[in-house]
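Peer 1: Sequence and predicted structure are below.
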Amino acid sequence: MSLRNNKATRLNRYMMFGMFFLGIIVLGCVFAFLYLSFNKTDNPFVQQPQNADAPDSIVFIVSDSTLLEQ
């Protein structure tokens with residue numbers, strides 16, 4: 001009986017290729033989610049200054065409460 005024709009060897013080979021493709025799919029999903037999370041250009045937590053005349057103003061906001069506005 002040859003090692004190539006062994007039933008257990010064929011099963012292990014199929015499982016190895018299956019795990020390889022599953023790993024490729026998981027890595028693809030991880031990189032897709034990382035790309036989507038870093039692709040955002042507008043950050044809702046960074047607020048733009050409201051007054052265009054004074055671009056050097058400072059607004060300090062914590063939990064939707066304005067603590068300091070200069």
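Peer 2: Alright, I've got the coordinates. All values reported here derive from a predicted model rather than from experimental measurement.
Peer 1: which is the next helix or strand following the host helix or strand of Ala8?
Peer 2: Under the criterion of DSSP states H and E, Ala8 resides in helix 7-38. Helices and strands here follow DSSP H and E; after helix 7-38, the next one along the chain is strand 59-62.
Peer 1: elements contacting that following strand?
Peer 2: Under the contact criterion of 3 or more CB pairs under 8 Å, 6 or more residues apart in numbering; DSSP states H and E, strand 59-62 touches strand 65-69. Placement of C-beta: from N, CA and C, glycine included.
Peer 1: Give me the mean pLDDT for the strand it packs on.
Peer 2: The average pLDDT for strand 65-69 rounds to 69.
Peer 1: residue ranges with poor pLDDT in this protein?
Peer 2: In the predicted model of the chain, residues 1-4, 39-56, 65-67, 69-70 satisfy pLDDT under 70.
Peer 1: could you redo the last one with a cut-off of 80?
Peer 2: Across the chain, residues meeting the criterion (pLDDT under 80) sit at 1-5, 39-70.
Peer 1: and the residue lying closest to Phe60 once chain neighbours are set aside, how many residues sit next to it?
Peer 2: Nearest residue to Phe60 in three dimensions, chain neighbours excluded: Leu68, at 3.9 Å (CB to CB, 6 or more residues apart in numbering). Neighbour count for Leu68, taken as other CB atoms under 10 Å: 9.
Peer 1: send the alpha carbons of stretch 14-28 over as CSV?
Peer 2: Extracted C-alpha coordinates of stretch 14-28, given in CSV (Å, rounded to 0.1, in the frame of the first residue of the first chain):
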residue,chain,number,x,y,z
TYR,A,14,-7.8,17.9,1.9
MET,A,15,-8.1,19.3,5.5
MET,A,16,-4.7,21.0,5.1
PHE,A,17,-5.9,22.8,1.9
GLY,A,18,-9.2,23.6,3.4
MET,A,19,-7.5,25.2,6.4
PHE,A,20,-5.2,27.1,4.1
PHE,A,21,-8.1,28.6,2.2
LEU,A,22,-10.0,29.4,5.3
GLY,A,23,-6.9,31.2,6.7
ILE,A,24,-6.6,33.2,3.5
ILE,A,25,-10.3,34.2,3.8
VAL,A,26,-9.9,35.3,7.4
LEU,A,27,-6.8,37.4,6.6
GLY,A,28,-8.7,39.0,3.7
